[in-house]
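the sequence isn't on hand, but the structure is:
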């Protein structure tokens with residue numbers, strides 16, 4: 001995506017004219033998994049009598065005047081914090097329906113048992129009662145669950161934990177609730193996420209508008225080379241072990257109800273270990289194409305040990321009248337790199 005030179009941000013929805021006129025700075029957090037997307041606006045309230053109401057629905061468009069703007073979705077104002085000096089108001093809006101009244105019990109902790117049931121059916125059952133439209137990746141839809149317990153957890157926390165056991169993530173996106181493999185969430189929600197190419201300029205130094213900095217965190221991959229998971233064989237009345245990979249093994253604590261569930265859990269954990277062995281944090285010029293669950297391509301302008309495709313876990317975009325538009329992202333290695 002070719003970027004422009006003049007950053008532009010637009011708030012739409014409830015009280016849009018007031019918000020755009022009074023906007024001092026903004027921050028948008030786009031995250032994967034359980035963390036809900038969040039929009040924070042700081043407004044100048046000098047001479048302003050009233051305040052924008054809680055519960056209002058607003059949206060964010062961001063980009064550049066020369067290359068166009070990208071819609072980042074809609075949010076519900078969940079918190080407001082006025083300051084006396086300087087006269088400021090901070091509004092925090094979330095993509096999930098965290099309303100004070102909580103009519104559907106979205107934040108209520110529950111205990112329940114389910115099964116036998118498929119992962120897709122259980123996911124649909126829980127998210128539809130909160131007014132979401134479910135979207136499930138086909139390869140996850142028919143996964144069989146013999147028995148599972150929800151123990152004093154919110155539905156959101158329970159589903160996130162359950163998805164993690166099968167190497168998946170869940171996320172609310174603009175009225176949808178998506179269950180998918182990492183990197184598939186936005187595609188299932190109707191958005192297309194091509195690879196975003198990042199290049200380092202030849203004269204890369206702080207203070208330049210195109211400056212990029214990065215930090216790589218690489219954990220030892222020799223800690224575990226395999227994974228063990230247990231299941232209960234009721235016919236033989238004994239616990240059995242399923243393992244993938246080779247020693248040393250990471251032993252999962254939870255016992256599964258069947259051999260198939262134990263195998264899926266072990267494979268999912270192995271994949272997670274491999275993906276998360278290498279992580280990177282990048283601070284770069286603002287780019288509206290960067291998105292959690294998307295992919296970033298670090299081209300041949302980067303050092304050889306960093307080059308390649310990375311799966312984005314979180315993007316924090318921010319801008320102000322004085323500091324322009326910047327992005328900070330964290331990403332994990334899409335595929336293990338050879339040593």
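The structure has been received and is ready for your questions. What you are looking at is a predicted structure, and each value in this text was computed from that prediction instead of being measured.

C-alpha only now, for contacts and for neighbours.
Will do.

which phi and psi does residue 265 have?
Taking degrees, to the nearest 10, you get phi -60, psi -40 for the backbone angles of residue 265.

distance of residue 71 from residue 58?
To residue 58, residue 71 is 11 Å away according to Cα to Cα, to the nearest Å.

please read the previous query as pertaining to residue 77.
Distance, residue 77 to residue 58, by Cα to Cα: 7 Å.

counting neighbours, go ahead and name the busier of the two.
For residue 77 and residue 58, the more surrounded residue by other Cα atoms under 10 Å is residue 77, and the numbers stand at 25 against 21.

where's that one, which helix or strand?
Residue 77 belongs to strand 68-83 when assigned by DSSP states H and E.

list the strands paired with that strand, with their directions.
Strand 68-83 has these partner strands in its sheet, going by DSSP bridges: strand 57-64 (antiparallel), strand 88-94 (antiparallel).

flag every buried residue along it.
Within strand 68-83, the residues scored as buried using 16 or more other Cα atoms under 10 Å are 69, 70, 72, 74, 75, 76, 77, 78, 79, 80, 82.

neighbouring contacts of that strand?
For strand 68-83, the external contacting residues (Cα atoms under 8 Å, 6 or more residues apart in numbering) are 8-9, 38-39, 53-63, 88-100, 173-174, 288-289.

again, but for stretch 105-121
By Cα under 8 Å, 6+ apart, stretch 105-121 touches 97-98, 122, 130, 136, 140-156.

so which of those residues sit within strands?
Taking DSSP state E, the ones among those that sit in strands are 136, 144, 145, 148, 149, 150, 151, 152, 153.

now residue 290: how far from residue 327?
In terms of Cα to Cα, residue 290 sits 8 Å off from residue 327.

more neighbours: these two, which one.
Between residue 290 and residue 327, counted using other Cα under 10 Å, the more crowded position is residue 290 (24 against 21).

correct me if wrong: that one contacts residue 315.
Yes - contact between residue 290 and residue 315 holds when scored by Cα atoms under 8 Å: they sit 7.0 Å apart.

which parts of the stretch 151-300 of the chain are strands?
168-173, 176-181, 196-198, 213-218, 226-233, 238-245, 249-251, 278-285, 295-298 (DSSP state E, counting those that start in this stretch).

out of the ones you listed, which gets nearest to residue 22?
Residue 22 lies closest to strand 278-285 among the strands of the stretch 151-300 of the chain, at 24.1 Å (Cα to Cα).

what helices or strands is that closest one leaning on?
strand 213-218, strand 324-333 (3 or more Cα pairs under 8 Å, 6 or more residues apart in numbering; DSSP states H and E).

count the residues that sit near residue 88.
Number of residues near residue 88 (other Cα under 10 Å) recorded here: 18.

and the closest residue to it other than its chain neighbours, its phi and psi?
Nearest non-adjacent residue to residue 88, counting by Cα to Cα, 6 or more residues apart in numbering: residue 44, 4.8 Å away. Dihedral pair for residue 44: phi -80, psi 120, per degrees, to the nearest 10.

enumerate every residue touching residue 44.
Applying Cα under 8 Å, 6+ apart, the residues contacting residue 44 are 22, 23, 24, 87, 88, 89.

tell me the confidence at residue 40?
In this prediction, residue 40 carries a pLDDT score of 97.

what helix or strand is it located in?
Going by DSSP H and E, residue 40 is in strand 38-44.
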